[in-house]
Every structure is written in structure tokens, then in C-alpha cells.
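In: All I have is the shape, not the residue letters:
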């Protein structure tokens with residue numbers, strides 16, 4: 001370790017000390033979640049965007065682009081629930097543009113800086129699931145604004161992202177591997193052996209999450225189902241029906257216990273082969289249930305090898321999945337003749353944790369490399385610059401030690417589906433826990449009834465969209 005190296009990072013350390021970026025992430029998560037679970041979606045938007053009165057502000061496209069991706073995603077979802085569809089659409093569109101740029105970039109600079117800085121001080125790196133799920137809210141915004149062409153566009157964009165998801169993820173993992181290999185090439189064999197032992201020790205703390213498995217090739221059955229449903233209901237020819245059938249067949253294979261999906265697949269196939277020409281007026285109920293797993297900070301003391309006979313103990317900080325409760329096991333919907341129970345359409349927790357697990361080994365390797373760098377830096381600083389150098393290097397380590405726990409906080413724990421034939425009165429009843437809620441739907445045509453309940457006992461958000 002050269003003295004000049006310390007001097008270079010001394011400037012960075014002082015900058016980070018002054019800015020202390022990312023240290024408020026956990027408090028933002030707490031405040032956002034509290035507002036969100038209390039169904040105060042305008043306040044949740046204010047919190048996550050660090051603004052005031054967002055719901056009563058007309059946002060411009062340029063304004064939406066100024067936020068980080070995690071802020072755009074969380075703000076876009078909460079503004080959708082606040083029925084501020086234009087602002088929500090602007091934020092989600094800005095997020096979509098940034099995500100596409102991120103997927104197409106080399107990411108070399110970001111990876112290099114992350115070894116020496118707190119990752120939460122950098123731009124949020126979106127998960128693959130973020131880039132897919134976001135189109136469900138863009139789709140709902142378009143339906144709310146009665147723009148069917150836009151709704152179809154968002155469905156098609158979701159398909160394109162899902163089609164390329166495996167390739168995107170492989171590219172991201174390859175970047176992470178290259179970064180860790182570059183770091184490994186700069187250390188001695190003794191340090192490498194010590195690092196490997198530390199990496200194994202850290203990984204052992206995540207064994208409980210090995211049971212989680214996502215869906216094949218990052219396909220989100222919920223978003224895929226919305227695509228199939230939309231093409232089936234709005235088909236303009238054989239091609240649309242075949243597309244709908246293919247989507248629904250894929251979802252039925254993933255969610256084999258969902259009878260409503262099976263029934264929709266049967267309808268699509270009957271439409272395709274001409275056995276039926278129309279679908280009876282139907283309401284599909286989408287229930288977004290509870291709150292998705294979030295990340296908390298996990299700290300562990302590790303022995304760090306610096307030189308022969310010189311081992312220091314240092315603390316590593318990493319993200320750790322923390323599950324949250326669902327609001328209800330299921331809900332019921334009635335058309336006055338029969339009650340229908342919602343069935344699982346997508347386990348969002350499983351999607352989240354499965355992707356987290358796939359990235360975990362390389363994330364831990366990078367974190368251990370950063371810890372070795374910081375610990376060595378402190379030792380060099382103390383030796384070369386005395387107490388002042390030691391104090392500054394130690395302060396730098398404190399500022400950069402935090403784990404990046406940002407994610408899309410506002411997503412549901414799972415998504416459920418029910419399907420009911422409409423009655424002539426145009427009324428349906430939702431049975432949610434002890435609540436009984438009557439809703440009006442058009443007696444003709446097809447409707448999508450969206451229900452969001454982040455926490456048991458809270459007032460359900462319900463919106464009816466014409467399909």
C-alpha cells in the first residue's frame with residue numbers, strides 16, 4: 001500500500017464524511033412503510049421523493065428524471081395508489097429509461113467505486129424483477145387514463161424485458177465476477193485464502209433463504225398473466241388470441257393450482273379454435289396482498305489478514321432479507337349468487353429472494369474485498385500519518401461501512417386472483433377480513449378490479465378498470 005494511495009482516498013473520505021450519503025435510507029424506509037401501511041399514499045410519496053405536497057404538484061418529465069431509480073419506482077407506485085396517474089406514469093417512464101440505460105452500460109465505474117464507498121451513496125442498481133414489475137403499474141395507469149393504446153404498449157414492453165431478463169442478469173453477474181477477479185489479482189495468496197474463509201463464513205448466515213426459488217428465467221407470472229388477459233379480451237384477430245394463449249399457457253404451467261388461470265387458458269383456446277366467439281361479461285379481481293420482503297442491515301465481525309502475523313478484527317455490513325406479513329390469507333368476491341376465493345397468482349417474496357440469492361456470492365465477495373481494503377488502509381494510515389491519519393481512515397470506514405438496503409419497498413408480498421361473472425345489477429361484494437365492501441362495475445363488458453391492502457385492518461384501495 002503506497003502513501004500516495006492513502007492521500008488519494010483521504011480526499012474521498014473527507015467528501016463522504018461531509019455528505020454522509022445513504023445514512024438516512026433506513027429512516028426513509030421506516031417513514032415510507034408507516035405511511036404506506038396506513039394508506040396515506042400521498043405522504044408516502046412525499047417521504048420517498050423528499051418533497052412536500054407531491055400529490056398536488058403537476059410534475060414535468062424533466063422533474064421525474066431527477067430522482068434515483070428506487071425513488072421513481074416507490075414514488076410511482078404510491079402515486080398510482082393516490083390516483084395521481086399522470087405523475088405516477090412520468091416517474092415510472094423515467095425509471096424505465098434509466099433501467100434500460102443501466103442494462104446497456106458496462107457498469108465498470110460503478111463497480112470500482114463501490115469497493116471503496118458505501119453502495120447506498122451511489123445510484124440504486126435495480127433488480128431484474130423491478131424492470132419487469134414496473135410495467136404492471138404503467139399498465140394500470142394507462143387503463144385509469146382510458147388509453148388502451150398505451151396499455152398495450154406497456155404490456156409489450158413488459159414482454160420484451162422478460163424475454164431478455166436472463167441475458168440481462170447474466171451480463172450483470174459477469175460484471176460482478178470481473179470486478180471481484182480484478183480485486184483478487186491485486187492481493188497475495190495468503191490474503192486470498194483468508195478472504196475465501198471469510199466469504200464462506202458470511203454465506204453460512206444466509207442458509208435459511210436457500211428454500212426460496214423464483215420462477216423460470218425471471219418470468220413474473222403476474223405480469224405475464226396481465227399480458228395474456230389483455231390480449232384475450234382485446235383481441236383484434238387470430239394473432240392476438242394466439243399471443244394470449246401462449247402467455248396464459250406459460251402462467252398455467254407456473255401456477256398449476258390456480259383454477260382461474262386454467263379457465264382463462266381454456267377460454268383463449270376456445271376462442272382460437274372458433275368454439276366460442278365471445279366471453280361473457282366478466283370481472284377479474286387482482287389482489288395485491290401485504291408488503292414484500294425488504295432488506296435490513298446485517299453485521300458480522302471477521303478476522304482480516306493484513307500481513308504476516310498481523311490480523312485485525314473488522315465488521316462487515318451486508319443486506320439481509322427481512323420478511324413481512326401478508327395482510328390476509330385471501331379475500332372473497334361475490335356476484336350475489338356465489339362467493340369466489342382469491343388464489344395465488346404470484347409469490348413476489350419468492351421472486352425477490354430468489355434473485356437476491358443468485359447475486360449473493362458475488363455481493364459478499366465484493367464486500368469482503370472492500371473490508372480488507374478499509375482495514376489495510378487504517379493500518380497504513382496509522383503507521384504513516386500517526387493518530388490523525390488513523391482517525392480519518394477510521395471515520396472513512398464508519399461512513400462507508402453501511403449496507404445498501406434500498407429496494408422497491410412498496411411491492412406486495414404476493415398477488416392473488418379471482419374471476420367472477422357479472423350480474424345485471426353491476427354490483428359485486430368484496431369480503432375482506434371482517435369488512436364487507438360493495439363495489440360498482442359496469443354490467444356489460446369486462447372489468448379489472450384492482451385491490452391493494454398493505455396491512456390487515458387498513459382501508460382497502462379499490463379501483464375498477466374497463467378492459
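Out: It's in. This structure is a prediction, so every number in the text was calculated from the model and none was measured.
In: Residue 329 and residue 130, how far apart?
Out: 27 Å (C-beta to C-beta, to the nearest Å). Glycine gets a C-beta too; all of them are placed from N, C-alpha and C.
In: Name the residue in the two with the higher neighbour count.
Out: The neighbour comparison of residue 329 against residue 130 (other C-beta atoms under 10 Å) goes to residue 130, with 21 against 10.
In: Does that one touch residue 410 like I think?
Out: No. Using C-beta atoms under 8 Å, residue 130 makes no contact with residue 410, being 11.4 Å away.
In: shared neighbours, those two?
Out: In terms of C-beta atoms under 8 Å, 6 or more residues apart in numbering, residue 130 and residue 410 are both contacted by the residues residue 73.
In: Run through the strands of the stretch 151-300 of the chain in chain order.
Out: Counting by DSSP state E, counting those that start in this stretch, the stretch 151-300 of the chain has strands at residues 282-289, 294-307.
In: from those strands, which stretch is densest packed?
Out: Highest mean neighbour count among the strands of the stretch 151-300 of the chain (mean count of other C-beta atoms under 10 Å): strand 282-289, with a mean of 24.
In: Mind listing residues that contact it?
Out: Taking C-beta under 8 Å, 6+ apart as the rule, strand 282-289 contacts 229, 260, 326-328, 330-331, 333, 335, 340, 342, 345, 412-422, 428, 430, 441, 446-453, 467.
In: Show only the entries of these found in helices.
Out: Of the contacts of strand 282-289, the ones assigned to helices by DSSP state H are 229, 260.
In: Can you turn the buried subset of the contacts of strand 282-289 into a selection I can paste into ChimeraX?
Out: The ChimeraX command for the buried members of these (criterion: 16 or more other C-beta atoms under 10 Å) is given here:
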select :229,260,326,327,328,331,333,335,340,342,345,412,413,414,415,416,417,418,419,420,422,428,430,441,446,447,448,449,450,451,452,453,467
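In: Let's verify residue 459: helix, strand, or coil?
Out: Three-state call for residue 459 (DSSP: H, G, I helix; E, B strand; the rest coil): coil.
In: ok, it - how many residues close by?
Out: By other C-beta under 10 Å, the residues close to residue 459 number 11.
In: The residue nearest to it when sequence neighbours are not counted is in what secondary structure piece?
Out: If the residues on either side of it in the chain are set aside, residue 459 comes closest to residue 39, at 5.4 Å by C-beta to C-beta, 6 or more residues apart in numbering. Counting by DSSP states H and E, no helix or strand carries residue 39.
In: Residue 39 and residue 81: what is the separation?
Out: 8 Å.
In: Touching both of the two, which residues are there?
Out: With contacts defined as C-beta under 8 Å, 6+ apart, the residues shared by residue 39 and residue 81 are residue 461.
In: okay, those two: which has more neighbours?
Out: residue 81 (24 against 18).
In: Local confidence estimate at that one?
Out: The model reports residue 81 with a pLDDT of 97.
In: Let me see the contact set for it.
Out: Counting by C-beta under 8 Å, 6+ apart, residue 81 touches 39, 41, 452, 461.
In: next one: residue 431
Out: By C-beta under 8 Å, 6+ apart, the contact list for residue 431 reads 331, 332, 333, 334, 339, 437.
In: give me that answer again for 10 Å
Out: 328, 330, 331, 332, 333, 334, 339, 341, 437 (C-beta atoms under 10 Å, 6 or more residues apart in numbering).
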